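Whatever this is, show me its structure:
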Amino acid sequence: HSSTIIAIKRAARWFQFIEPRLKQNNIPDDFKYLAVVESNLENVVSPAGATGYWQFIKTAAKQYGLEVNEEVDERYDVQKSTLAACKYLNTAYQMFGNWTMSASSYNAGISGIEKWSSLQKSTNYWNLVLGSETSRYVSRIIAMKLIMENPSAYGYDLNRGPPGRGCRADNNGPAGSRPD
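Here you go, the predicted structure:
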């Protein structure tokens, strides 16, 4: 719950950099939620070494145009890493022909989704039997989109003040506050 609230707050800062790059590269706007699912919009390093907002491993980062060496790591740059993510997603879209399979490949890799798709003779993500993380991946992106677009509908009260201080009902101050 608390990490989702933090993601909603971070989105106000980071989506302004992500959204125009997605648009310029003909990637659906909803893919900004993929970055939320990957990193919670935080420059983090996973146990596997995936780094930054878009969680690129070193080899994929270089493959999609990011500079990664002892002095520079562009995976930490939201604008450059978003462009690299766009290149990846466009490559995946050219391979699979749909955005759902492209999104799932961001988690399992293009070759992983190609393998499972070929073995199971299906090009529909929803019909594939995948590992537990990848099978939930697209649903997590969709859930994050729904929550972030309408947080109050899912129990996220972003106007609540500190415990015991009431809730902000509007810009006139906390509800139930004592008169002056």
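
Spell out, range by range, the strands that occur in this protein.
Counting by DSSP state E, the chain has strands at residues 168-170, 173-174.

now the first one: mean pLDDT?
In this case it means strand 168-170. Strand 168-170 shows a mean pLDDT of 39.

likewise stretch 139-155?
Across stretch 139-155, pLDDT averages out at 96.

buried set for it?
The neighbour-count check on stretch 139-155 (16 or more other Cβ atoms under 10 Å) flags 140-141, 144-145, 147-148 as buried. Every residue, glycine included, has its C-beta placed from N, CA and C.

Ok, stretch 126-135 next?
For stretch 126-135, burial by neighbour count (16+ other Cβ under 10 Å) applies to 128, 130, 134-135.

just for the chain, where's the confidence low?
160-180 (pLDDT under 70).

at 80 instead, please
Along the chain, segments meeting pLDDT under 80 span 1, 158-180.

From one end of stretch 62-79 to the other, what's the distance?
Start and end residues of stretch 62-79 are separated by 15 Å (Cα to Cα, to the nearest Å).

same check, this time on stretch 50-65
The first and last residues of stretch 50-65 sit 16 Å apart, counting by Cα to Cα.

Touching it from outside, list them.
14, 18, 34-35, 38-39, 41-46, 48-49, 66, 68, 73-78, 80-85, 87-88 (Cβ atoms under 8 Å, 6 or more residues apart in numbering).

Mind checking which of those residues are buried?
Those of these that meet the buried threshold are 14, 18, 34-35, 38-39, 41, 66, 68, 73-78, 80-85, 87-88, by 16+ other Cβ under 10 Å.

Quick check: helices, which of those are part of them?
14, 18, 34-35, 38-39, 78, 80-85, 87-88 (DSSP state H).

now, which of the residues you listed sits nearest residue 8?
Distance to residue 8, by Cβ to Cβ, is smallest for residue 14 among these, at 11.3 Å.

Report the contact partners of the closest residue to residue 34 other than its chain neighbours.
Spatial nearest neighbour of residue 34, excluding adjacent residues (Cβ to Cβ, 6 or more residues apart in numbering): residue 141 at 5.5 Å. Applying Cβ under 8 Å, 6+ apart, we find residue 141 in contact with 30, 33-34, 36-37, 103.
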